[in-house]
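Chemist: fold the following for me, if possible:
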Amino acid sequence: MLLLNLKIKALIAQMQITPHIMDIARRTVDIILPPQSLLTGSLEAGAIESDIWGEVTFLDEPCCYICGFPFEFDEGSFALCGRCSIKKPAYDMGRAGFKYDDISRSLVLGFKHGGRTEGLKIFAAHMRRAGRTVLKDADYLVPVPLHLTRRVKRRYNQSALLARALSKISAPAFDPDILMRHRATSSQGGRSAASRRRNVQGAFSVREPALPRLKDANIVLIDDVMTTGATLEACARTLKRAGAAKVCALTLARVVKAAPLPT
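Modeler: You can find the predicted model right below:
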């Protein structure tokens with residue numbers, strides 16, 4: 001119902017009619033095909049209700065200087081979490097807009113698998129807020145790519161949509177043609193951290209035409225959710241081997257739980 005609502009409104013926007021008639025047409029569509037809440041699925045006047053947004057746990061400082069893991073108390077500007085103090089990730093810094101939990105799960109999965117793209121502007125705004133440090137001197141926003149088979153099945157790459165939306169409100173250029181996933185991988189869901197690393201090992205490569213602009217570049221990888229960081233690390237290693245000077249990671253959401261320390 002929601003997708004049909006949006007498609008009809010898009011057609012209305014292309015019609016040569018007065019703003020008043022256009023407003024009436026849009027209101028009529030909302031009456032016939034009411035928009036649904038992004039978080040609850042209930043029929044609401046807005047795409048995302050402000051009171052439910054109040055239940056989402058947004059991420060910001062204080063946090064681990066490298067991976068962005070949230071701290072309960074301020075440990076200092078360059079404090080590291082236990083994991084990063086033992087073994088730093090392949091990316092230089094990582095940040096995320098909000099915590100991935102029971103409240104935000106439907107929001108993320110609706111966007112990722114359900115075609116719920118109407119929240120992109122809000123998503124991008126929260127990513128810009130949380131990622132202001134990594135975006136400051138970045139050259140390119142590079143989405144984590146999907147393999148062609150997954151891309152055809154899903155109809156769009158959610159990471160690319162986030163990166164494009166973010167590029168409209170921040171300085172770095174959106175570049176979806178630098179990184180490619182040349183090997184199809186199975187879902188990371190339900191896998192252990194070690195299994196996730198093995199699953200994406202050697203799955204990514206840099207497109208040859210992109211090599212000149214990648215040299216000494218400052219890259220920000222964009223993805224929807226950081227769980228263990230295995231996919232982001234695989235991408236970061238690939239980009240650095242190809243000549244990138246710095247690779248940071250910025251995601252819409254991240255899983256926040258005590259992770260076992262690396263061995």
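Chemist: can you tell me the helix or strand for residue 247?
Modeler: In the assignment (DSSP states H and E), residue 247 maps to strand 246-254.
Chemist: pLDDT of that strand, averaged?
Modeler: Averaging pLDDT along strand 246-254 yields 98.
Chemist: nearest residue to the middle of the protein?
Modeler: residue 224 (3.0 Å; CA atoms, centre = their mean).
Chemist: how about the secondary structure of that one?
Modeler: Per DSSP: H, G, I helix; E, B strand; the rest coil, the local secondary structure of residue 224 is strand.
Chemist: I figured it hits residue 111, correct?
Modeler: Yes - the pair residue 224 and residue 111 passes the contact test of CB atoms under 8 Å, sitting 7.2 Å apart. Glycine gets a C-beta too; all of them are placed from N, C-alpha and C.
Chemist: any common contacting residues for these two?
Modeler: Both residue 224 and residue 111 are contacted by 158, 252, under the criterion CB atoms under 8 Å, 6 or more residues apart in numbering.
Chemist: phi, psi of residue 85?
Modeler: Main-chain dihedrals, residue 85, degrees, to the nearest 10: phi -70, psi -20.
Chemist: and it, how many neighbours does it have?
Modeler: 12 (other CB atoms under 10 Å).
Chemist: how about stretch 167-180: buried residues?
Modeler: By 16 or more other CB atoms under 10 Å, the buried positions in stretch 167-180 come out as 167, 170, 172, 174, 175, 176, 178, 179, 180.
Chemist: repeat for stretch 156-163
Modeler: Buried residues in stretch 156-163, defined by neighbour count with 16+ other CB under 10 Å: 157, 158, 159, 160, 161, 162, 163.
Chemist: ditto for stretch 197-205
Modeler: For stretch 197-205, burial by neighbour count (16+ other CB under 10 Å) applies to 197, 199, 200, 203, 204.
Chemist: quick one: which of those sit in strands?
Modeler: Those of these mapping onto strands are residue 204, per DSSP state E.
Chemist: what's the lowest-pLDDT member of the buried residues of stretch 197-205?
Modeler: Among the buried residues of stretch 197-205, residue 199 carries the weakest pLDDT, at 62.
Chemist: tell me the contacts of the closest residue to residue 178 other than its chain neighbours?
Modeler: Nearest-residue entry for residue 178: residue 210, 4.2 Å, with adjacent residues in sequence omitted and distances by CB to CB, 6 or more residues apart in numbering. Residue 210 makes contact with 175, 177, 178, 179 under the criterion CB under 8 Å, 6+ apart.
Chemist: quick one: which of those is nearest residue 136?
Modeler: Taking CB to CB as the measure, residue 136 sits nearest to residue 175 out of those, at 17.7 Å.
Chemist: nice, that's everything, thank you.
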